[in-house]
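Novice: Quick one: sequence plus predicted model below, questions after.
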Amino acid sequence: MDILIGVGGTGAKVVEATLHACAAGLGPSELHVGFVDQDRGNGNVSRAMETREVLEQARRLWRTPGESHLLGGGELFACQFPLIGNDRWVPHLEDGTTLLRILGDLQGDQPLANLLFAPGVREQELELDLGYRGLAHIGSAAITHAIGREEEPFWKALRTLIQRAQNGEPVRLVLAGSAFGGTGASGFPTIARLIRKWLTTEGIEENFSMAGVLMLPYFNFDPPPNLTDNFAKSELLLTQTRDALNYYHALERREPGLFDDLFLVGWDRRANLGYFSPGKGEQRNPALLPELFAALGICTFYERDYIPTHGVLATARESDGSVAWSDLPSPDPNDRDAPYRLLGRQLRFAAALKFWGPMLKKQQGWWDKKFARDGWHVHFKLDTLDYDAAPPAEAVDAASRYFDLLLKWAAAIQLYVSNRTPDLAFGLWNVQPLLEGTANFAKPQDPIVLRAGLREQEWSAAFDAVIAAQVESNRLTDAAWITKSLNIGQPLASSSGLGGIMGALHVASIPTDITAAR
C-alpha cells in the first residue's frame with residue numbers, strides 16, 4: 001500500500017505532479033493521498049485536491065462495472081486515489097489562532113517561551129490563519145501540539161492504513177514538503193518524527209518504509225507590499241534552506257533512520273513567479289518543472305522491487321543549458337524511456353480529445369447521419385448503443401475535465417521554463433497549439449487558457465507537434481495513422497462502444513515510431 005502526504009503549499013504541488021504521473025501509468029495503481037496545511041484556503045492545496053477529485057470522478061464513470069461506457073482495457077483512468085480522512089488536515093481550525101492561544105497558560109514557563117518565540121505580534125501573537133508565514137519554529141510547535149489529538153479523523157485514518165503493515169502488507173509512505181517556507185518546513189520533520197515514534201510504540205516497523213521529498217528553493221517571488229510584514233521573503237529562502245539542511249544533518253546523526261530515503265530536489269535557475277501572495281486562494285502558484293522530478297522520485301520509491309538506499313538522493317540533468325526526456329528519472333528500472341512514452345501518451349491523447357471529444361458527445365441520430373459509413377463508427381458498434389438511455393456527454397466531459405487540468409499543468413511547466421527561466425531550453429513537450437495565445441504572466445494564478453476544441457486539420461497539427469521523436473531519424477505515429485487504426489478497429493479490437501473507442505484512442509496515442517507501429 002502506498003501513501004503520499006503533501007505538507008504545505010509546495011508539498012501539495014508535488015502531490016499534484018504525482019497524481020499526473022500515476023494517472024499516466026508511472027506509479028502505483030492505488031495511491032492514498034493526504035494534505036496538511038494550516039492555511040485552510042491555500043490555492044495550491046485546492047488545485048491538487050481538485051485534480052484528485054476529477055480523476056476519481058472520471059474513474060467512477062469509465063471504470064465502474066455496470067456503467068454504460070465502460071473502458072474495455074488499457075491504462076486510462078486505471079489508478080485510484082482515495083483520500084486520507086475527509087479533507088485536508090488543518091492543525092488549528094479556529095479563526096485568529098495564535099501560538100500563545102495554542103500553548104495556553106504557560107505560567108512559570110512564559111520566560112522560556114519568550115526566549116524561543118518573540119513576544120507580541122511578531123511571533124507569539126501572530127495570527128496563523130494564512131499559515132506559518134515562513135516561520136518554521138512556530139509551525140513546528142503548533143503542529144506538535146495538534147498532532148496528538150486522538151479525535152482527528154486524518155490521523156485516525158492514517159493510523160488505520162499504516163496498521164496494515166502488522167498483517168504483512170508492505171506500506172510505503174512519502175512526505176513531501178519544502179525546506180523553506182512555513183508549513184512544509186515545520187511539518188515535514190515534525191510529522192516524520194511523530195510517525196516513527198508511533199510505529200515504534202506499536203511495534204509495526206518491519207513492513208513499513210518512509211521517504212521524504214524535500215524541495216529546495218526553485219522559484220522567486222515579489223516582496224510583500226509592506227516589507228515589515230511577517231511573510232516569507234524570496235531573498236531569505238537560501239538562508240532558511242541552509243539552516244534547514246543543517247538541522248536535517250544533525251537530526252540524522254541523533255535519530256538515524258528517520259527516512260529510509262530522502263530525496264532533495266532543487267533547481268539551479270529559479271523561475272520568477274512575478275507576484276507575491278500572502279496565502280489562501282491567491283497562493284495558487286503555477287506548476288514548475290522540479291515538481292515533476294520530485295513526482296518521478298516518489299513513483300520510484302513506490303516501485304515494488306525498489307530497495308531503499310537509506311541515503312540522500314539528489315536530482316541532476318545531462319546538460320546545463322537544456323532539459324530533455326533523458327533527464328527525467330524513470331520509476332521503471334527496466335524501461336528508461338517510461339516517462340517519455342507514458343506521459344507523452346497522456347499529452348497526445350489530450351490533444352486528440354480536443355477533436356474527438358466533441359464528436360463523441362453527440363447524440364446517436366447525429367452520428368448515424370454523419371458517420372454511419374466511417375470505419376471507426378462501424379468497428380466500435382456505435383450504431384448499436386442506446387444514447388437516449390446513456391448519453392455520452394457526462395462521461396466525455398469528465399474525461400475532458402481531467403485532461404484540461406493536465407494540459408494546464410504541462411503548459412505552465414513549458415511556458416515558465418521558456419519565458420521565466422534564463423538560458424534553459426525546454427525539450428520535453430509542446431502544448432502551445434492547444435492554447436489560446438500564450439501564458440498571461442500578469443495573471444499567474446491562472447495563466448493558461450485552453451482552446452475549447454479543434455477542427456480536423458488543427459488537431460492533426462497539434463497532435464503531431466506535442467511530442468517529438470527521441471531519435472531524429474524516427475517518424476512518430478501521427479493523427480492520420482491514429483484515424484486509420486481506429487477505422488480498422490485497432491487497438492483493443494475486442495472492445496466496443498464509447499469505452500472501446502476511447503480506450504483504443506488512448507492506447508494508440510503512445511509515441512511510437514510509425515515503422516514499428518505497422
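Specialist: Nice, thanks for sending it over.

Novice: Next secondary structure element downstream of the helix ranked longest in the chain?
Specialist: Taking DSSP state H as the criterion, the chain has its longest helix at helix 393-420. Remark: after helix 393-420, the chain's next helix or strand is strand 425-427, criterion DSSP states H and E.

Novice: Partner strands of that following strand, with direction?
Specialist: Here strand 425-427 has these sheet partners by DSSP bridges: strand 322-324 (parallel).

Novice: after the strand it pairs with comes which helix or strand?
Specialist: Counting by DSSP H and E, what follows strand 322-324 is helix 338.

Novice: for the record, mean pLDDT for that following helix?
Specialist: Taken as a whole, helix 338 has an average pLDDT of 96.

Novice: Now tell me what touches it from outside.
Specialist: Leu26, Ser330, Pro331, Asp332 (CB atoms under 8 Å, 6 or more residues apart in numbering). Yep, even glycine has a C-beta here, placed from its N, CA and C like the rest.

Novice: and the helix or strand just after it with helix 393-420, angle?
Specialist: For helix 338, the following helix or strand on the C-terminal side (DSSP H and E) is helix 344-360. Helix 344-360 runs at 130 degrees relative to helix 393-420, counting by axes from the mean of the first three to the mean of the last three CA atoms, to 10 degrees.

Novice: contact partners of helix 344-360?
Specialist: Identification of contacts with helix 344-360 by CB under 8 Å, 6+ apart yields 20, 23-25, 76, 371, 392, 396, 399-400, 403-404, 406-407, 410, 429, 431, 433-434, 451, 453-456, 458-459, 462-463, 466-467, 479, 482, 498, 501-502, 505-506, 509-511.

Novice: buried ones in that helix?
Specialist: Buried residues in helix 344-360, counted by 16 or more other CB atoms under 10 Å: 344-357, 360.

Novice: And those, which is closest to Ser209?
Specialist: Ser209 lies nearest to Gln346 out of these, by CB to CB, at 28.3 Å.

Novice: Report the separation between the closest one and Gly187.
Specialist: To Gly187, Gln346 is 31 Å away according to CB to CB, to the nearest Å.

Novice: One more: Ala425?
Specialist: From Ala425 to Gly187 the distance is 36 Å (CB to CB).

Novice: likewise Ser209?
Specialist: According to CB to CB, Ser209 stands 20 Å off from Gly187.

Novice: So those two - more neighbours on which side?
Specialist: Gly187 (31 against 19; other CB atoms under 10 Å).

Novice: ok but the more buried one is inside a helix, no?
Specialist: Yes. Using DSSP: H, G, I helix; E, B strand; the rest coil, the assignment for Gly187 is a helix.

Novice: which residues of the stretch 151-300 of the chain fall in helices?
Specialist: 153-162, 183-202, 237-254, 289-302 (DSSP state H, counting those that start in this stretch).

Novice: And the ones you listed, which one averages the lowest pLDDT?
Specialist: That would be helix 237-254, which, of all the helices of the stretch 151-300 of the chain, carries the lowest mean pLDDT at a mean of 62.

Novice: Please compute how far stretch 188-204 lies from its chain's middle.
Specialist: Distance of stretch 188-204 from its chain centroid, counting by CA atoms, centre = their mean, to the nearest Å, is 25 Å.

Novice: Put the buried members of the contacts of helix 344-360 into a ChimeraX selection.
Specialist: Selection command for ChimeraX covering only the buried members of the contacts of helix 344-360, criterion 16+ other CB under 10 Å:
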select :20,23,24,25,76,371,392,396,399,400,403,404,406,407,410,429,431,433,434,454,458,459,462,463,466,467,479,482,498,501,502,505,506,509,510,511
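
Novice: Tell me which of the contacts of helix 344-360 fall in helices.
Specialist: Counted as lying in helices by DSSP H, out of the contacts of helix 344-360, are 20, 23, 371, 396, 399-400, 403-404, 406-407, 410, 456, 458-459, 462-463, 466, 479, 482, 498, 501-502, 505-506.
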